[in-house]
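S.K.: Any chance you can model this:
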Amino acid sequence: MRAAFILSEIGLGLRRNLSMVISVVLVTFISLTFVGAAGLLQLQIGQMKGYWYDRVEIAVFLCVDNSTSPTCAAGPVTAEQRDAIRAMFGAENLSRYVSSVAYESQDDALRHFRDQFANSPIVDSVTADQLPESFRVSLVDAEKYEIIDEAFSSLPGVDVVSDQRELLERVFTVLNRASLGALLVAGIMTLCAVLLIATTIRLSAFSRRRETGIMRLVGASKAVIQLPFILEGVIAAVVGAVLASGTLWLSSSFLLTRLARQCPDTAFISAHQVLLLLPALILLAVLLAGASSLLTLQRYVKV
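M.R.: Here you go, the predicted structure:
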């Protein structure tokens, strides 16, 4: 009997404030979509960091004619300098940090350059003698870059020691800023959703002040009076969260499938990770709507 009464009160409240309820659904949908997008982007950034940092390489570029480094003052690297640099990787104090070393000649560098810049207008104007030889070094621990840098950067014949992490960090910085931007928008929209839920519950309580007064007179408990109002806000927010979850699932499934085909060498988050995030959105909607409704009732509805 009590459950039927509560359900009837919920239905009555939703019908009376239909336009406000729809507004709550839409605002919750938009805000949680941004929250979910920011969460998925952070998962992707973490996945990419773990994948690429394990494969990061250090490039020890050797001197060429146009090198301006002080270690290249004598001119291009000589065969003796090249052999000495190669031997350094096998030294006892460095070998434990080095996983593998690959030598890239100027012809190899030109071939890689043409592959990477095939659509560039300058691709045919670059010759092999303009590109440096290099040693591509994979480390056991990518965090030990400074050890290799200190050991090789001052050697004669070495132009510069480059760490690929510098490029990766710039990419991840851009992605993190995009994620923060999404969180900022999500925060603003979530605040709007909370305020809108509070307004909806307040209007609903005001429109039914006569019924709640009668319920107080006949001895209805505080929980029975407040529960229909709280559930109205929760239901509207959950509908918005379900819509946001469905949108994120469909869009992420489409994008991840397409990106995985176009970028087979990149690690993307799995569908299982996306699914783990969706219940969190619904739970967040329940908590925000429940807390907002309860605080509004305690302030504006006397029981």
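S.K.: Next, count neighbours for the residue nearest to residue 126 when sequence neighbours are not counted.
M.R.: Leaving aside its chain neighbours, residue 126 sits nearest to residue 113 (6.2 Å; criterion: CB to CB, 6 or more residues apart in numbering). Every C-beta, even on glycine, is put in place using the N, C-alpha and C of the backbone. Counted by other CB atoms under 10 Å, the residues lying close to residue 113 total 17.
S.K.: And the one 3 residues further on, by the same measure?
M.R.: The local packing count at residue 116 equals 10, with neighbours defined by other CB under 10 Å.
S.K.: Against residue 173, how distant is it?
M.R.: As judged by CB to CB, to the nearest Å, residue 116 and residue 173 stand 22 Å apart.
S.K.: how far away is the residue nearest to residue 126 from residue 261?
M.R.: To residue 261, residue 113 is 26 Å away according to CB to CB.
S.K.: Please apply the same query to residue 18.
M.R.: Distance from residue 18 to residue 261, counting by CB to CB: 44 Å.
S.K.: One more: residue 235?
M.R.: Going from residue 235 to residue 261 by CB to CB gives 40 Å.
S.K.: In terms of packing, which of those two has more residues around it?
M.R.: For the pair residue 235 and residue 261, the greater number of neighbours falls to residue 235 (18 against 8), based on other CB under 10 Å.
S.K.: That one sits in which helix or strand?
M.R.: helix 222-262 (DSSP states H and E).
S.K.: helices and strands around that helix, which ones?
M.R.: The contact analysis (3 or more CB pairs under 8 Å, 6 or more residues apart in numbering; DSSP states H and E) places helix 222-262 against helix 2-16, helix 18-53, helix 164-207, helix 209-217, helix 271-300.
S.K.: want to throw these into TSV with mean pLDDT?
M.R.: Below are those laid out as TSV (pLDDT from 0 to 100):
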stretch	mean pLDDT
helix 2-16	59
helix 18-53	79
helix 164-207	76
helix 209-217	62
helix 271-300	83
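S.K.: Same list (those helices) but as TSV, adding distance to residue 97 and mean neighbour count.
M.R.: TSV is the format used below for these (distance: least, CB to CB, whole Å; neighbours: other CB atoms under 10 Å):
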stretch	distance to residue 97	mean neighbour count
helix 2-16	65	14
helix 18-53	15	19
helix 164-207	15	17
helix 209-217	73	13
helix 271-300	33	17
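S.K.: of those, which approaches residue 132 most closely?
M.R.: Closest approach to residue 132 among those (CB to CB): helix 164-207, 15.7 Å.
S.K.: angle of the closest one against helix 18-53?
M.R.: Taking axes from the mean of the first three to the mean of the last three CA atoms, to 10 degrees, one finds helix 164-207 and helix 18-53 inclined to each other by 160 degrees.
S.K.: Assign residue 135 to helix, strand or coil.
M.R.: strand (DSSP: H, G, I helix; E, B strand; the rest coil).
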